[in-house]
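build me a model:
(one chain, ligands or ions: 1)
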Amino acid sequence: MRVRATDLAFAYPGSPALFQALSFDADGGELLAVTGPSGSGKSTLLSLLGGWLAPSVGVLEVTGVERLALVPQNPFGVPGRTALDHVCLPLIASGLTRTHAAQIARGHLELLKLEHAADRPYRMLSGGERQRMLLARALASGPDLLLVDEPTAQLDTSSAAEVCDALASLERSGVLVFVATHDPRVVDACSRVLDLLRARPQLEQENHAVT
Ligand SMILES: Nc1ncnc2c1ncn2[C@@H]1O[C@H](COP(=O)(O)OP(=O)(O)OP(=O)(O)O)[C@@H](O)[C@H]1O
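Below is the predicted model:
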């Protein structure tokens, strides 16, 4: 699978462009951090990648993606259902038996270092465990492209570190992952960085003004 963006620009109707002249290529197995200050368009770029929005200018080619998964900024779970139940859900929905689904789900929980919490209800998971469980559930849906929005936004330092380790391990999954973040620890866990600050129209004008 492959994503190729050429000279992308995006503006919401009636608003100035959030970014422009944004070009990049990405392949399966890469983990890209989408960075930039609050309001620079990180979540908006994820929406473009997911096909929920179309670029205002430029071309965004997403090829070979049969399945897409999103871990949103404020994810939620069912308080009384276990971590294993949550991760099994997309597998059972795709037609697997409960036993087979549980076997595969435990593998995803193990990849994200959550095997100890498999049988714990969602309400008893820490913030970092919830975030990792939701990453495991996203992986269980078998995505080619995974979009993750601000995974450490509400976490303390040690939970954020666990999530960063989990994100780094996704590189081995072969999935193409985009992570919107302004957390430098998440950026460090990623293999590449797409900095929207560099594609900000206002900044470009300021640079022209200086030179
Ligand atoms: N549907 C919409 N219509 C109009 N403006 C929007 C819409 N969604 C977002 N915006 C605006 O676009 C800008 C970029 O929003 P976006 O959420 O993509 O930024 P972000 O970089 O992810 O921000 P944060 O780091 O705070 O989550 C913001 O000013 C936001 O208010």
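
contacts and neighbour counts: CA atoms only from here.
Fine.

which positions in this protein make contact with the ligand?
Residues of the chain lying close to the ligand by CA under 6 Å from any ligand atom are 12, 37, 38, 39, 40, 41, 42, 43, 44.

which one (most neighbours) among the residues you listed?
residue 42 (26 neighbours; other CA atoms under 10 Å).

sorry, back to before: ok, which pair from the residues of the chain next to the ligand is furthest apart?
Pairwise distances among those were taken by CA to CA; the largest, 17.7 Å, belongs to 12 and 37.

what is the neighbour count of residue 138?
There are 22 residues near residue 138, going by other CA under 10 Å.

setting aside sequence neighbours, what's the nearest residue to it?
residue 69 (5.7 Å; CA to CA, 6 or more residues apart in numbering).

can you check residue 90 too?
With CA to CA, 6+ apart as the criterion, residue 90 has its nearest non-adjacent residue at 5.3 Å, and that residue is residue 141.

can you tell me how far the one you found is from residue 87?
For residue 141, the distance to residue 87 equals 9 Å [CA to CA, to the nearest Å].

neighbour count winner among those two?
More neighbours surround residue 87 than the other of residue 141 and residue 87, with 27 against 19 (other CA under 10 Å).

domain map for the protein?
Structurally, the chain divides into domains by automatic domain parsing as follows: 1-66+144-211, 81-143.

follow-up on the earlier one: what helix or strand is the residue nearest to residue 138 located in?
Using DSSP states H and E, residue 69 maps to strand 68-71.

need the helices for this structure, in chain order.
42-50, 83-93, 98-111, 127-140, 157-169, 184-189, 201-210 (DSSP state H).

so what's the backbone phi/psi at the residue nearest to residue 90?
phi -80, psi 0 (degrees, to the nearest 10).

how close does it get to residue 168?
From residue 141 to residue 168 the distance is 19 Å (CA to CA).

and residue 46, by the same measure?
Taking CA to CA, one finds residue 46 at 19 Å from residue 168.

which of those two has more neighbours?
Shown here are residue 46 and residue 168; by other CA under 10 Å, residue 46 has more neighbours (21 against 17).

just give the closest residue to the more buried one, not the sequence neighbours.
With CA to CA, 6+ apart, the residue lying closest to residue 46 is residue 147, at 6.4 Å.

who's the one you found bridged to?
Beta-bridge partners recorded for residue 147 (DSSP bridges): residue 70, residue 178.

wait, isn't it in contact with residue 69?
Yes. Counting by CA atoms under 8 Å, residue 69 is a contact partner of residue 147 at 6.2 Å.

which one's more surrounded, those two?
Comparing residue 147 with residue 69 by other CA under 10 Å, the one with more neighbours is residue 147, at 24 against 20.

picking that back up, just the pLDDT for the residue nearest to residue 90.
At residue 141, the model reports a pLDDT of 91.

ok, the one 10 residues further on next?
Confidence per residue is given as pLDDT, and for residue 151 that number is 90.

wait, what's in contact with it?
By CA atoms under 8 Å, 6 or more residues apart in numbering, the residues touching residue 151 are 71, 73, 131, 163, 179, 181.
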